[in-house]
Structures are given as structure tokens and as C-alpha cells.
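Participant: Dropping a prediction and its sequence here:
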Amino acid sequence: TTTFGGGISRFDGRHFLNFGETEGLTSNITRGTVEDKKGRIWFGSLGGGVFMLDGHKMVNWYDSTMPSSKRIYSLALDKNEHLWFATDSGIYRFDGNKTHYYGIAQGVEPVPFMHVQCDAQGRVWASGWQTGIYLFEGNKVYNVRRAGGLSADTTMFTVTTATGKTYAGTSLGISEVWLENGTLHAKKIPLNPKVDNQFINGMLWDEKAGLWIGTNQAGLVLWRKDGSVMEKNMQHGLPGNNIYALMMDREQNLWMSSWGFGISRYKGDAILSYGKEAGLEDILVNAVLKKKDGSLWILAGAWLVVVP
């Protein structure tokens, strides 16, 4: 999970254990988060590079070949446990020994990348700012932009379903993206005029329900498997219409962050929201991580709240 503000804290059920500058977190603004096979949590930051939380120990991770960029927007682990970084200057991969940069020589433009994701086939998808979607497969790199069918060149997020379909969230709605005959293709998915003109902040594939979509101004959207569309916004109980992080807990409740309004849980047909009045110390929630044990880590300002 991620934060804007004051560090990271863990809630053990009774107490908060805070990680800030005193504990080695030199940058208190963190974003992309991922858990490795050893249970360690890796955090990206917007000023301090990469941090790793191993139990109660916080380390500012560094090696001599790490990216010069200190702004890490997203992290992902591939099937080889290689760590991928989406940064403000391009894409990097750490193989356990050194960091590899993907630049012009590899066919990747040195622009900000907002999200990086690994699918079940071991392929890596990256969402570029004004440069479309990139696909990394082995030693090959593919790219598709608006001219190739993508709904917009600015992309924010990708998600891959259990059947292998990949969807891209752009500054103008949703597109499907696929590789065919050595070329990356895309087509816009028209849902409705309101959603089709939205920045898509995040998505979550739900095998039972369909594709959950977090928009910048239209609230929460569900594109059901039967093709129908459901919308939930402030009129239905959401505290705000700008939805960012989406995550499903072990009881199949949907958690979502609404920028500046804390975090909400969609249970059944009810929306329950949690802010400062519920003990959330900061309402700027930027992301949620689901650990392998099923617990949710909600990073909100200076606090990392664990939902067992």
C-alpha cells in the first residue's frame, strides 16, 4: 500500500508501530508496494527510492546499479522474483544482482511510467505517460498506442484476467490489449459516455463479478461478465467520486480508496467508509496491498493499517 505524508506504521491489533525517519525511512512519501516470497514488503517512494520492510526492520534498499530516479510509481515481481520498477524516467528490473534499464536501445522511451504488472504467463505490462502500453516478453519489447487502437496514449494501469485477457486503463476509458503475430494490438471498450471519458486510476479483476474500475470523477464502476455496467458514486454512499486503489479481502468484500476521503468497504450492497473518526490517522490513502496471508495493508499518510 502507499502513502502521502509521514511514513509507515503497522497495526498489530492493539498498537501502532510507526516507521519514520527515526527507523530508517528517509522519505515519508511512499507509493508502489509488493510482497516477495520471503514475506518482505517492498515500497516505492516519491523522493527516497526503494525501501524494504523485513519484519520490523526498515531498509533503504540500494545497489550500485539501481536507478538514478528516486521517484518510484509502481513495483512488481515477475515469476523469477525479479523486481520491476515503474519510475519517472522509465522502466528498470533488478535481477537479484544488478539493475537493468530499459531505454531507447530496448525500444522504451524514458518517460514516466505509472504502473507495472506481471501476468500469470510471466509477461510484464507497463503503463506509460503519453507513450501507451509496453509489453515485456523475454528479450522482446512491444508497444501499442492510440494509432494502434488504444483509447489514449496516456495510460495509468493494466490488469490481466484469469483467462489471459489484459485491459488497460487510460486517460479516456478502458481498452483491451493483446499480442498477435508479433504485434501488440488494442481496441477501445465502450462502456458508457461518462466512463469512456474518464481517467482510469485502478482496476481489479473479480472472477465472480467482472472488472472493477476506479475512475477519477465517476466513482466506482463494475463491468459485469454479461456486459452490463453498474456504477456507484457519492449518490450511493461513496465519500468521493475519485477512486484509486481496489482490493478484495478474504471474505470477498471490496475495499477502495477515495482520494482525500479515507477508505471504503463495499459489502453486499452497503458501502461503509472509514476516516479519521474511525481511527484512520490520515485520509490520503493511495493504495492497498493484499498479503499472501490474506490480510490487507492500507497505507494512509503516516500509518500502515493492517486488516486481518
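Facilitator: Looks like it came in fine. No experiment lies behind these values; they were computed from the predicted model shown. Residues are numbered from 1 along each chain as shown.
Participant: Spit out the contact partners of the closest residue in space to residue 90 that isn't next to it in sequence.
Facilitator: Nearest non-adjacent residue to residue 90, counting by Cβ to Cβ, 6 or more residues apart in numbering: residue 110, 4.6 Å away. (C-beta placed from N, C-alpha, C; glycine too.) Residue 110 makes contact with 89, 90, 103, 104, according to Cβ atoms under 8 Å, 6 or more residues apart in numbering.
Participant: Next, give phi and psi for the last one.
Facilitator: To tie it back to what came earlier, the one meant is residue 104. Dihedral pair for residue 104: phi -60, psi -40, per degrees, to the nearest 10.
Participant: check which helix or strand covers the residue nearest to residue 90.
Facilitator: Assigned by DSSP states H and E, residue 110 belongs to no helix or strand.
Participant: now residue 231: how far from residue 264?
Facilitator: Here the criterion is Cβ to Cβ, to the nearest Å. By it, residue 231 lies 15 Å from residue 264.
Participant: The two: which has the busier surroundings?
Facilitator: Between residue 231 and residue 264, residue 264 has the larger neighbour count (other Cβ atoms under 10 Å), namely 24 against 17.
Participant: surely that one meets residue 288?
Facilitator: No - applying Cβ atoms under 8 Å, one finds residue 264 not in contact with residue 288, separated by 11.1 Å.
Participant: ok, residue 160 to residue 84 distance?
Facilitator: According to Cβ to Cβ, residue 160 and residue 84 sit 15 Å apart.
Participant: and what of residue 42?
Facilitator: 11 Å.
Participant: where do the contact lists of these two overlap?
Facilitator: Joint contacts of residue 42 and residue 84 (Cβ under 8 Å, 6+ apart) are residue 75.
Participant: ok, which stretches of the stretch 201-308 of the chain are strands?
Facilitator: In the stretch 201-308 of the chain, the strands defined using DSSP state E, counting those that start in this stretch lie at 210-215, 220-224, 229-232, 243-248, 254-258, 263-267, 270-274, 285-290, 296-300, 303-307.
Participant: what would the ones you listed look like in TSV with mean pLDDT and distance to residue 74?
Facilitator: Output for those, formatted as TSV (pLDDT from 0 to 100; distance: least, Cβ to Cβ, whole Å):
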stretch	mean pLDDT	distance to residue 74
strand 210-215	96	15
strand 220-224	96	21
strand 229-232	95	25
strand 243-248	88	12
strand 254-258	86	15
strand 263-267	85	19
strand 270-274	83	25
strand 285-290	69	9
strand 296-300	66	14
strand 303-307	55	18
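Participant: quick one on the thing from earlier: who wins on neighbours among the contacts of residue 110?
Facilitator: With neighbours taken as other Cβ under 10 Å, the top of the contacts of residue 110 is residue 90, carrying 23 neighbours.
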